[in-house]
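A.B. asks: I would like the atomic coordinates for the input below:
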Amino acid sequence: MDLSIVIPAYNESQKIQLDIQTAAEFLQKEDLSGEIIVVDDGSTDHTEKKAQTTSLPQNIILQVIHTEENRGKGHAVRSGMIKTQGEYCMFADSGYCVPYENVRAGLSMIKKGECEIAHGSRKMKGCHIIKKQNLYRRICSGMFHWMVIYTMNISPEYTDTQCGFKVYRGDIARNLYSQCVIDGFMFDIETIVRAEKMGYRIREFPVEWTNDRDSRLSPVRSFRSVLKELFAIKQTMAKE
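C.D. replies: Reported below is the predicted structural model:
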């Protein structure tokens, strides 16, 4: 299998079928054998049912994983990644914020041996932002970026640690995520810290991006949980 696509979802019944269909169209257009794994993170709006009833070509494998309670995006991505079978795998946020055609650049970097992990970035040269975040969110994003760089001691070369569009060599993704423990939004930071410790190379590539006004991350409401998760990462890594 060439490519596994993981889509974490929480109360995305209005979007999930389009997410699945656009992922399948990309696999067919690129002549890639593949699978789509939707992880329904305890939704209460029939996201699971919508996903399961999506019409797809017979050669595209669809797997829908449902958790009984909302555990967090990190748990959802991890649950999907460890189930992948592809030579390469990726996860993409629900809402089609980044067109799947953008994955070509990340796959190319990995196939050429430039890295083992390729992160989409909305902030590096070459990006095309169709709909920006509002000023408040942009300010909070900038503050968060520098707080993470300095508190977690990761490379300042990363321009966008939180973009929901990341590509991996399959065996490395399964190994990496099998060791992760963070259930919330800071799972991206944990994977970076672990990947660097394990010697995996991470490179970024620019993406086309449209802001989703229906974002689940609130800068104010989530601040305490973000700090808690960052502290948990530091503690966990210090013990290993």
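A.B. asks: from here on, contacts and neighbour counts on C-alpha atoms
C.D. replies: OK.
A.B. asks: Does Gln235 lie in a helix or a strand, and which?
C.D. replies: Assigned by DSSP states H and E, Gln235 belongs to helix 223-239.
A.B. asks: Contacts for that helix next, please.
C.D. replies: Contact partners of helix 223-239, identified using C-alpha atoms under 8 Å, 6 or more residues apart in numbering, comprise 152, 182, 184-186, 189-190, 194.
A.B. asks: which of those has the most neighbours?
C.D. replies: When neighbours are taken as other C-alpha atoms under 10 Å, the top entry among the contacts of helix 223-239 is Glu190 (26 neighbours).
A.B. asks: need the contact list for that residue.
C.D. replies: Applying C-alpha under 8 Å, 6+ apart, one finds that Glu190 lies in contact with 180, 182, 233.
A.B. asks: again, only this time at 10 Å
C.D. replies: 74, 152, 176-177, 179-182, 196, 229-230, 232-234, 236-237 (C-alpha atoms under 10 Å, 6 or more residues apart in numbering).
A.B. asks: Could you do Ala51 as well?
C.D. replies: Counted by C-alpha under 10 Å, 6+ apart, Ala51 has contacts 9, 12-13, 15-21, 37-40, 62-65.
A.B. asks: His66 now?
C.D. replies: Residues near His66 by C-alpha under 10 Å, 6+ apart: 9, 38-43, 47-49, 76, 79.
A.B. asks: Drop anything exposed from those residues.
C.D. replies: Taking 16 or more other C-alpha atoms under 10 Å as the criterion, what is buried in those is 9, 38-43, 47-48, 76, 79.
A.B. asks: which two from the contacts of His66 end up farthest apart in space?
C.D. replies: Using C-alpha to C-alpha, the two most remote members of the contacts of His66 are Lys49 and Ser79, lying 18.5 Å apart.
A.B. asks: Can you name every helix or strand that the helix or strand in which Trp209 is found contacts?
C.D. replies: Element membership of Trp209 [criterion: DSSP H and E] is strand 208-210. Here strand 208-210 touches strand 117-121, strand 128-131, going by 3 or more C-alpha pairs under 10 Å, 6 or more residues apart in numbering; DSSP states H and E.
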